[in-house]
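[1] sequence below, structure please.
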Amino acid sequence: MSMIKRPLAALAGLCLSAVTLLSTPALAETTTLRVSAIPDEAPTELMRKFEPLGKYLEAELGMPVTFQPVSDYAGVVEALGAKRLDLAWLGGFTFVQAKLRTGDAIPLVQREQDEVFTSTFITADPEVKTHADLKGKSFAFGSVSSTSGHLMPRYFLQQDGIDPDAFFSRVGFSGAHDATVAWVESGKVDAGVLNSSVWEKLLEQDKVNTDKVRVYAVTPTYYDYNWTVRGDLDPALIEKIKAAFLALDPANPEHKAILDLQRASRFVPTKAENYQGIEEAARAAGLLE
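    Now for the predicted structure:
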């Protein structure tokens, strides 16, 4: 809040009182839940995945729920910080950025598998068996701000003594996990890395030419995605949102359809401390000051 100096103390007191009166009920004034997600897949796919979840949240919360797509990962962080979003699907690294940007972002829930997430390294080069075989060749990450498509793979490569910017002849950023697969399959790059869950989904949907593209390595596990809310939302609404996610039951066919689209067995509570390792990895990789 900007502070405006006034010559009269009484007027200043009145202004402060007015601001307090106006700001106090803001917690209860959320009439539409504005939701977004990091664009780690094509926009049409994100909308397809969100639609049934959005309808479910509307019914559980008793308010309209709108999905607001963004063009890049930074856009979600900035929208949360500017209070243009209330709830967002974030990667671990994007959550760390949101926490640092807002100071009060709250991670509510994550999928069970997000506690043991991995990244998958792929190639179409039959000669590549290990990272060492890619020396002097081209490589693709996903988005610069992606946890599974950049930060953690970069961190683990560095732990293996490989500086990607010096080791590979060229490093590119595809912008999304499915785009990384397309780059590798087309020969635009010699290898790449992506979210293991997206890789498995693309295989299930027969969207990968497995005669050409194959896995040559997988990272160790780490914490990744979560649903995060602005910290200044009404605490009662925050608890209702959390309860709605935790109530999704795979034994209920309608709920299972929602969970399947989210590639979730179920949602479980999470906390900011779970992502401390992500923040440390980001600092070690030089992606945070």
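[2] in the chain, which spans are strands?
    Assigned by DSSP state E, the strands in the chain fall at 33-37, 65-67, 87-90, 106-111, 119-123, 138-141, 170-173, 191-195, 214-218, 226-229, 267-269.
[3] so which of those strands is the most packed in?
    Comparing those by mean neighbour count (mean count of other CB atoms under 10 Å), strand 191-195 comes out on top with a mean of 28. Every residue, glycine included, has its C-beta placed from N, CA and C.
[4] just to revisit the earlier point, which stretch among the strands of the chain comes nearest residue 54?
    Of all the strands of the chain, strand 65-67 sits nearest to residue 54, with 4.7 Å by CB to CB.
[5] where does the stretch 1-150 of the chain have low pLDDT?
    1-28 (pLDDT under 70).
[6] the same query, at a cut-off of 90, please.
    Counting by pLDDT under 90, the stretch 1-150 of the chain shows low-confidence ranges at 1-30, 40-43.
[7] show me where it has helices.
    Secondary structure of the stretch 1-150 of the chain by DSSP state H, counting those that start in this stretch: the helices cover 9-23, 43-61, 73-81, 92-102.
[8] ok, now the stretch 151-289 of the chain?
    Along the stretch 151-289 of the chain, the segments classed as helices by DSSP H, counting those that start in this stretch run 152-159, 164-167, 177-186, 196-204, 235-246, 253-261, 276-284.
[9] dump the strands of the chain into TSV; add distance to residue 180 as well.
    Formatted as TSV, those follow (distance: least, CB to CB, whole Å):
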stretch	distance to residue 180
strand 33-37	18
strand 65-67	24
strand 87-90	19
strand 106-111	21
strand 119-123	8
strand 138-141	5
strand 170-173	9
strand 191-195	4
strand 214-218	13
strand 226-229	22
strand 267-269	26
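[10] what's the closest of those to residue 281?
    Nearest of the strands of the chain to residue 281, taken as CB to CB: strand 119-123 at 12.1 Å.
[11] now the angle from that closest one to strand 214-218?
    140 degrees (axes from the mean of the first three to the mean of the last three CA atoms, to 10 degrees).
[12] quickly run through the sheet partners of strand 119-123, with directions.
    Paired neighbours of strand 119-123 in the sheet (DSSP bridges): strand 191-195 (antiparallel), strand 214-218 (antiparallel).
[13] C-alpha coordinates for the first one, CSV please?
    It refers to strand 191-195. Coordinates of each C-alpha in strand 191-195 appear next as CSV, following Å, rounded to 0.1, in the frame of the first residue of the first chain:
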residue,chain,number,x,y,z
ALA,A,191,18.0,-35.3,-26.6
GLY,A,192,15.8,-33.6,-24.0
VAL,A,193,14.1,-34.0,-20.6
LEU,A,194,10.5,-33.7,-19.5
ASN,A,195,8.1,-34.4,-16.7
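[14] what pLDDT, on average, does it get?
    The pLDDT scores in strand 191-195 average 97.
[15] now the angle from that strand to helix 177-186?
    Going by the same axes, to 10 degrees, strand 191-195 makes 160 degrees with helix 177-186.
[16] just give me how far strand 191-195 sits from the chain centre.
    Mean-position distance between strand 191-195 and its chain equals 16 Å (CA atoms, centre = their mean, to the nearest Å).
[17] need the contact partners of it.
    Residues outside strand 191-195 that contact it (CB atoms under 8 Å, 6 or more residues apart in numbering): 40, 117, 119-123, 125, 128, 134, 137-142, 146, 148-150, 153, 174, 177-178, 180-181, 183-184, 216, 224.
[18] before we move on, what about the last one?
    Outside strand 214-218, the residues within contact range by CB under 8 Å, 6+ apart are 118-124, 128-131, 191, 196, 199.
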